[in-house]
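**Student:** Next comes the sequence, and after it the predicted model I'd like to discuss.
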Amino acid sequence: MESSSSGLRGDVRTHPSPRMAQEQHRPSPDTHPTRASSAVQPDQVRLLLDSCKEAKKFAYCPYSNFPVGAALLTWDGKIFLGCNIENASYPMGICAERTAIQKAVSEGYRKFRAIAISSNKQETCIVPCGACRQVLREFGKHWDLYLTKSDGTYIVKTLEELLPYSFGPEDLQMS
């Protein structure tokens, strides 16, 4: 049940935690809308939100004690999970969002619809760091990010909203 019925971007929504769906919605591979938001089905949103919470359980964060989980949805409906993995040499750690992207790319995926991110933050929604935003940007700017609070509420933003005037692969194309 949603706490907002308007469905406008950025609305805060509440997501109850139903059982994980057994099957994922798999649209036709030639479905490739300009805006990712038109492609993410409600059952996929539920699955993403549940999956990012599950991924958070695997976080290795002995130094910050700040677990983060991410669930990345590919164009063909596959979901890749990621969690933050810290290291005693702090710069060597990696965020949940980049873990999910690297897993997907290492298996041949390059087109994404959405990513959901979960943490234990209570007052505000979790947002990707600048490095993660740039890595996500490598694969497009018109896909959705579901940014959650620990109580299950979330907001939806596009990557373009979080990283306006961004630099991407098309900027390296020679005219």
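**Tutor:** Sure, I can see it. Residues are numbered from 1 along each chain as shown.

**Student:** Only C-alpha atoms from now on, for both contacts and neighbour counts.
**Tutor:** Noted.

**Student:** show me where this protein has helices.
**Tutor:** According to DSSP state H, the chain carries its helices in the segments 42-56, 96-106, 130-137, 159-162.

**Student:** Can you list the buried residues in the last one?
**Tutor:** The reference is to helix 159-162. Across helix 159-162, burial judged by 16 or more other CA atoms under 10 Å covers 159, 160.

**Student:** Next: the third one.
**Tutor:** By neighbour count, and taking 16+ other CA under 10 Å as the criterion, the buried residues in helix 130-137 are 132, 133, 134, 136, 137.

**Student:** Tell me who's in contact with the fourth one.
**Tutor:** It stands for residue 136. 97, 98, 101, 159 (CA atoms under 8 Å, 6 or more residues apart in numbering).

**Student:** So, low pLDDT: which residues of the protein?
**Tutor:** Applying pLDDT under 70 to the chain flags the ranges 1-38, 175.

**Student:** Okay, the residue most central in space within the chain and residue 51: tell me how far apart.
**Tutor:** With distances taken as CA atoms, centre = their mean, residue 115 lies nearest the centre of the chain, 1.9 Å away. Distance, residue 115 to residue 51, using CA to CA, to the nearest Å: 10 Å.

**Student:** okay, and the common contacts of the two?
**Tutor:** With CA under 8 Å, 6+ apart, residue 115 and residue 51 have common neighbours 70, 71.

**Student:** Okay then, goodbye and thanks.
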